[in-house]
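[1] Okay, predicted coordinates and the sequence, questions at the end:
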Amino acid sequence: GAGTPGLILTGVVFALLAAVVRVTSLWISKTFDMPAFLLSILEIFIFLLFLRLSPFARIHAAEHKTINAIERGLPLTLEAVKTQSSIHNRCGTNIFVFVLGIFTILFLSTTLIDEKHVFLKFIFLLTGFLIVMTYWKKFGNLVQKYFTTAEPGEWELKSGIQAGEELLMLHKRDVKHVYPTFITRVWNMGFIQLGLSFFLVMWFLEKYMLHFF
């Protein structure tokens with residue numbers, strides 16, 4: 001799979017994409033009178049739409065198809081991998097949807113319900129959290145299907161197959177089958193490298209460039 005430089009570069013690209021979305025939303029907010037909450041939803045939608053139209057979505061789908069083939073014991077051939085689903089339950093998109101759902105419920109509870117109505121706020125939070133806890137994977141899979149993945153071409157599929165073959169080779173070489181530590185597993189997920197590069201670039205853009213818009 002992608003090494004640390006690739007994950008850092010992905011974070012940088014995502015930050016530049018988010019900056020374009022921010023500039024677009026600022027123009028919309030100046031042109032139309034739109035509440036801040038709706039503007040935030042629009043920013044997320046535009047960002048996901050840009051992802052769908054980018055090469056990332058096709059590469060992402062190829063990775064999912066490859067790992068689905070591996071987990072089903074299928075050979076990593078172009079024909080076998082191509083028939084697999086581009087959706088995977090352990091995708092980071094699902095985690096993103098879960099976190100976004102929690103923050104949305106918290107935000108709505110503070111903006112829509114007065115602090116004096118404690119019981120009403122409790123019922124709202126309880127119901128919202130139950131919905132998120134129950135359906136976050138289903139919502140995440142829908143976001144994967146329509147936004148963060150797209151049908152890959154032959155080049156993306158071959159790239160995904162190559163990454164899958166490298167992972168299987170590393171697994172075969174690990175004759176001791178040493179189980180990775182929690183820190184190693186978290187690092188290998190790539191969220192730290194991607195997230196740090198994303199927020200550092202966004203901080204730089206916000207501080208030195210985006211204020212001009």
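    Done, it's in. Note that the structure is a prediction, hence the values are computed from the model and not measured. Residues are numbered from 1 along each chain as shown.

[2] Can you name the element that comes right after the lowest-mean-pLDDT helix or strand in the chain?
    The helix or strand of the chain with the poorest confidence is helix 182-189; it has a mean of 83 (mean pLDDT, DSSP states H and E). Going down the chain from helix 182-189, the next helix or strand is helix 191-208, by DSSP states H and E.

[3] how about that following helix: buried residues?
    If you call a residue buried by 16 or more other C-beta atoms under 10 Å, then helix 191-208 has these buried ones: 191, 193-194, 197-198, 201-202, 205. Every C-beta, even on glycine, is put in place using the N, C-alpha and C of the backbone.

[4] So in this protein, which helix runs the longest?
    For the chain, the helix with the greatest residue count under DSSP state H is helix 4-31.

[5] Just want the most central residue of this protein.
    T93 (3.6 Å; C-alpha atoms, centre = their mean).

[6] just checking, that one touches Q144?
    Yes - using C-beta atoms under 8 Å as the test, T93 is close enough to Q144 to be in contact (4.9 Å).

[7] what about whichever strand or helix holds E43, distance to the chain center?
    Applying DSSP H and E as the criterion places E43 in helix 36-53. Taking C-alpha atoms, centre = their mean, to the nearest Å, one finds the center of helix 36-53 at 13 Å from the center of the full chain.

[8] What is it packed up against?
    If contacts are counted by 3 or more C-beta pairs under 8 Å, 6 or more residues apart in numbering; DSSP states H and E, helix 36-53 sits against helix 4-31, helix 92-112.

[9] if you set the cut-off to 7 Å instead, what comes out?
    helix 4-31 (3 or more C-beta pairs under 7 Å, 6 or more residues apart in numbering; DSSP states H and E).

[10] buried residues in the least confident helix or strand of the chain?
    Applying 16+ other C-beta under 10 Å to helix 182-189 flags no residue as buried.

[11] Could you do stretch 53-70 as well?
    54, 56-70.

[12] Among these, which lie within helices?
    Checking the buried residues of stretch 53-70 against DSSP H, those in helices are 56-70.

[13] Tell me how far the residue nearest to A62 when sequence neighbours are not counted lies from V143.
    The shortest distance from A62 to any non-neighbouring residue, by C-beta to C-beta, 6 or more residues apart in numbering, is to G160 (3.4 Å). G160 is 20 Å from V143, where distance means C-beta to C-beta, to the nearest Å.
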